[in-house]
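Engineer: Just to be clear, the model below is a prediction. Sequence and coordinates:
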Protein chains: 2
Amino acid sequence: MLSQSIEDYLKTIYEVESSEGKVSTSALSEKLGVSPASVTSMVKKLSERKLITHKRYQGVKLTPAGRKIALEIIRHHRLVELYLKEALGVPWDQVHQEAEKWEHVLSEDLEDRIDKFLGYPVTDPHGSPIPRRDGTMIVRQCSALVDVEPETLVKVVEVSDHDPELLRYLGGIGLYPETEMTVISKQPFKGPIIIELTGKEYPIGRNAAKYIMVEEAKN
Amino acid sequence: MLSQSIEDYLKTIYEVESSEGKVSTSALSEKLGVSPASVTSMVKKLSERKLITHKRYQGVKLTPAGRKIALEIIRHHRLVELYLKEALGVPWDQVHQEAEKWEHVLSEDLEDRIDKFLGYPVTDPHGSPIPRRDGTMIVRQCSALVDVEPETLVKVVEVSDHDPELLRYLGGIGLYPETEMTVISKQPFKGPIIIELTGKEYPIGRNAAKYIMVEEAKN
DNA sequence: AAATTATTTTAGTCTTGCCTAAATTCTTTT
DNA sequence: AAAAGAATTTAGGCAAGACTAAAATAATTT
């Protein structure tokens, strides 16, 4: 059995690896809310257990074994998120923090029951793909809303779950995964991006727009 | 926030207090699967926090504050047991071990949602009463099956959840809380108790019969 | 290239919750 | 009432996982 701490590290390493490529001690320190020194010592332990590889001063990489575990945890997390929303009506801005705790206590049996209950879903409430049980995951090609040219019809693929406030705002205007919308304009001087959705226009800050992933919709 | 360990201690103290009256270090040591010395040191800590009172060599007692917490944990445990059975079809002999983990990670919000989903239930799948949110609990008057005189019609009130094997056996013969059955005879020399249930007769070992609580049914 | 700054690692501590072995205290038996 | 036995507590340690402060290394600026 792995400790909750180890599971959190592996999950976070996977996430940083996907979003930033390189996984530095300081990045982990920041994401995990733990001192850099603590990261160094845990990194040492994970290396000894062959869950990651590490070269001093050069960041870490998951081994296949480590990646498998990371994806199991992420699978738990995303299944739980969707389950809480579907079965218990938990609002989508709250599912993340609940799932942070549940992901560590989900048995295989319960995982299967939840998976079945949900009809073997492929994405969570934020549009993130749910890893399959065998440790594979289908990643959809998409770009950040902030990088899209104006006058493009796009479909929302995924929204970051890290900021509940953003999620509440987006939910409020009806912006969910699979929603189609048009990018109207990008205001100058780092101003907001204006989108049109169900006939109305809304501003989205550039920063927020980094966390909204979209794909071009065929017209 | 209380550690999982502290929550387990308080819950166990409550349970031993109810079933045995006195709560000795060794009883806790046994139930918690921990050395007596470890119990002593945790007891010291819980006393300092005013969650229990303790007189050297004389056992411990919950304070009102400690009892409140114990009942919250037990409420979580029992709600989760019932939820897993009702919502996800987990067999009644497995819900206990799952709930042992979930009870520690259930938020107030989720507790309420589950409670509502279940229609504000008053007992768990084993017939144990679910404590109310205010820390009160209704205890039903009942006696152990092993103490019932033959030729009595009884109704099952509660079955201990500590032994999955027993639960599977009982489930197999259709013996659940609220089931009515007749005690036919008690075989001599500590032999089994014979009960009749839906027209068939079944033997129940004396030891098992200690863990089946019943009340006299009005004929 | 040297100096400054930023990142990472080492060294040494702390807390929690467990352990074993030994000492104490209570209980029961003789 | 003394001895034997059982239960409890004390003493001293260990592992996990965090911390701070200081040292080492890398990266950037001058």
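Structural biologist: That came through, no problem.
Engineer: Give the other helices and strands that the top helix by length along chain A contacts.
Structural biologist: Longest helix in chain A by number of residues, with DSSP state H as the criterion: helix A:64-88. Contact analysis of helix A:64-88 by 3 or more C-beta pairs under 8 Å, 6 or more residues apart in numbering or on different chains; DSSP states H and E lists helix A:4-20, helix A:95-102, helix A:108-117, helix B:108-117 as its packing neighbours. For every residue, glycine as well, the C-beta is placed using N, CA and C.
Engineer: hmm, try it at 6 Å
Structural biologist: Helix A:64-88 sits against helix A:4-20, helix A:95-102, with contacts defined as 3 or more C-beta pairs under 6 Å, 6 or more residues apart in numbering or on different chains; DSSP states H and E.
Engineer: Present those helices as JSON lines; the columns should include distance to DNA strand C.
Structural biologist: Formatted as JSON lines, the helices and strands packed on helix A:64-88 follow (distance: least, C-beta to the nearest atom of the strand, whole Å):
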{"stretch": "helix A:4-20", "distance to DNA strand C": "11"}
{"stretch": "helix A:95-102", "distance to DNA strand C": "16"}
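Engineer: Just name the most buried of these.
Structural biologist: helix A:95-102 (a mean of 20; mean count of other C-beta atoms under 10 Å in any protein chain shown).
Engineer: ok, that helix near DNA strand D or not?
Structural biologist: No - counting by C-beta under 7 Å from any atom of the strand, no contacts exist between helix A:95-102 and DNA strand D, the nearest distance being 13.3 Å.
Engineer: Using PDB, write out every CA atom in that helix.
Structural biologist: Written as PDB, here are the backbone C-alpha positions of helix A:95-102 (Å, rounded to 0.1, in the frame of the first residue of the first chain):
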ATOM      1  CA  VAL A  95     -16.300  18.200  -6.800                       C
ATOM      2  CA  HIS A  96     -12.600  18.700  -7.100                       C
ATOM      3  CA  GLN A  97     -11.900  19.300  -3.400                       C
ATOM      4  CA  GLU A  98     -14.100  16.300  -2.400                       C
ATOM      5  CA  ALA A  99     -12.400  14.100  -4.900                       C
ATOM      6  CA  GLU A 100      -9.000  15.000  -3.500                       C
ATOM      7  CA  LYS A 101      -9.900  13.100  -0.400                       C
ATOM      8  CA  TRP A 102     -11.900  10.300  -2.000                       C
END
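Engineer: ok and that helix relative to helix A:4-20, angle-wise?
Structural biologist: 140 degrees (axes from the mean of the first three to the mean of the last three C-alpha atoms, to 10 degrees).
Engineer: ok, how many other residues are close to A:Ile204?
Structural biologist: Neighbourhood size, A:Ile204 [other C-beta atoms under 10 Å in any protein chain shown]: 23.
Engineer: How about A:Val43?
Structural biologist: 20.
Engineer: Regarding it, which helix or strand does it belong to?
Structural biologist: helix A:36-48 (DSSP states H and E).
Engineer: List the contacts of that helix.
Structural biologist: By C-beta atoms under 6 Å, 6 or more residues apart in numbering or on different chains, the surrounding residues in contact with helix A:36-48 are A:9, A:25-26, A:28-29, A:52, A:54, A:60.
Engineer: residues making contact with the helix or strand that that helix is followed by?
Structural biologist: Next helix or strand after helix A:36-48 toward the C-terminus (DSSP H and E): strand A:52-54. For strand A:52-54, contacts defined as C-beta under 6 Å, 6+ apart pick out A:43, A:46-47, A:60-62, A:66.
Engineer: quick one: which of these has the most company?
Structural biologist: Within those, most neighbours by other C-beta under 10 Å means A:Val60, with 25 neighbours.
Engineer: follow-up on the earlier one: which of the contacts of helix A:36-48 sit farthest apart?
Structural biologist: Farthest-apart pair in the contacts of helix A:36-48 is A:Ser26 and A:Ile52; separation 16.1 Å (C-beta to C-beta).
Engineer: More neighbours: those two, which one.
Structural biologist: It is A:Ile52, of A:Ser26 and A:Ile52, that has more neighbours when counted by other C-beta under 10 Å, with 25 against 10.
Engineer: Tell me the bridge partners for the more buried one.
Structural biologist: Going by DSSP bridges, A:Ile52 is paired in beta bridges with A:Leu62.
Engineer: Let me know the pLDDT of it.
Structural biologist: Looking at A:Ile52, its pLDDT reads 98.
Engineer: just to revisit the earlier point, and the longest helix of chain A with DNA strand D, contact?
Structural biologist: No - using C-beta under 7 Å from any atom of the strand, helix A:64-88 never reaches DNA strand D; the gap is at least 13.6 Å.
Engineer: May I see the buried residues of that helix?
Structural biologist: Within helix A:64-88, the residues that count as buried by 16 or more other C-beta atoms under 10 Å in any protein chain shown are A:66-67, A:69-88.
Engineer: now A:Leu84, nearest residue through space, not along the chain?
Structural biologist: A:Val90 (4.1 Å; C-beta to C-beta, 6 or more residues apart in numbering or on different chains).
Engineer: The one you found and A:Leu82 touch, don't they?
Structural biologist: No - here A:Val90 lies out of contact with A:Leu82, judged by C-beta atoms under 6 Å, at a distance of 10.2 Å.
Engineer: how about the residues of chain A near DNA strand D?
Structural biologist: So far as C-beta under 7 Å from any atom of the strand goes, chain A lies against DNA strand D at A:3-6, A:33-35, A:37-38, A:41-42, A:45, A:56-57.
Engineer: Tell me the spacing between A:Ile52 and A:Glu20.
Structural biologist: To A:Glu20, A:Ile52 is 16 Å away according to C-beta to C-beta, to the nearest Å.
Engineer: Pull the residues that contact stretch A:166-182.
Structural biologist: With C-beta under 6 Å, 6+ apart as the test, stretch A:166-182 has contacts from A:92-93, A:127, A:153, A:155-156, A:195-197, A:202, A:208, A:217.
Engineer: Which members of those residues are classed as buried?
Structural biologist: Burial by neighbour count, 16+ other C-beta under 10 Å: within the contacts of stretch A:166-182 this picks out A:92-93, A:127, A:156, A:195, A:202, A:208.
Engineer: Closest one of these to B:Leu145?
Structural biologist: A:Trp92 (48.7 Å).
Engineer: Check the secondary structure at the closest one for me.
Structural biologist: coil (DSSP: H, G, I helix; E, B strand; the rest coil).
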